[in-house]
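J.: what follows is a predicted protein model with its sequence.
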Amino acid sequence: MTNNDILKKLRYAFDFSDYEMIEIFGLAEYETCRAKVSNWLKPEDDEDYSNLPDKQLALFLNGLIYKNRGRQEGKPPMPVETNLDNNLILKKIKIALSLTTDDIIDLFDLVGMDVSPHELSAFLRNPKQPQFRKCKDQYLRNLLYGIQEKHRPS
């Protein structure tokens, strides 16, 4: 999955306007404009399409965490990763939406994907631990579809 796809799916699931997207970026202390956000959301074959770098997706996810959970007083801002992988994106979405393991499994169930608590736990572990498992695109894609089904059912 591309970063642009992730941004598009989150925007659609929560029905964010361009200005709400800009506001979420602003919560992570990143100033952007409507044109940039619009270009990130365009189809890949559009001439104005622009790739969303890992850093900007990390900033958006951090802003989503701040929007939904607020900032913790006395703590420095969350670090902004320059390299994202599916495991880290999954963790940030879990934090932003205050999801428990059962909530995530329920989201997978909504789209017909069977994920065990042990499998999910392996995705959320530190990469240095032997039980760590890399989160493949299909898991992240189905989680985003599950979020969409829950928040914006068709």
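T.: Received, thanks.

J.: for the nearest residue to residue 32 once chain neighbours are set aside, give its distance to residue 60.
T.: The shortest distance from residue 32 to any non-neighbouring residue, by CB to CB, 6 or more residues apart in numbering, is to residue 25 (4.9 Å). Quick note: C-beta positions are derived from backbone N, CA and C, even for glycine. Residue 25 sits 6 Å away from residue 60, taking CB to CB, to the nearest Å as the criterion.

J.: what do you get for residue 139?
T.: Here residue 139 is placed at a distance of 20 Å from residue 60 (CB to CB).

J.: quick one: low-confidence ranges for the chain?
T.: Counting by pLDDT under 70, the chain has low-confidence residues at 76.

J.: so for it, the centremost residue is which one?
T.: What sits nearest the mean C-alpha location of the chain, by CA atoms, centre = their mean, is residue 93, with 4.7 Å.

J.: check which helix or strand covers the residue nearest to residue 32.
T.: Residue 25 is part of helix 18-27 when elements are defined by DSSP states H and E.

J.: do the same with residue 135
T.: Short version, using DSSP H and E: residue 135 is in no helix or strand.

J.: just give me the neighbour total for the closest residue to it other than its chain neighbours.
T.: Sequence neighbours aside, residue 86 is the residue nearest to residue 135 in space, at 3.9 Å (criterion: CB to CB, 6+ apart). By the criterion of other CB atoms under 10 Å, residue 86 has 19 neighbours.

J.: return the residues in contact with residue 86.
T.: 1, 134, 135, 136, 137, 139, 140 (CB atoms under 8 Å, 6 or more residues apart in numbering).

J.: cool, and residue 65?
T.: 78, 92, 95, 96.

J.: nearest to residue 5, of those?
T.: Minimum distance to residue 5 across the contacts of residue 65 is 15.5 Å, recorded for residue 92 (CB to CB).

J.: sweet, I'm off.
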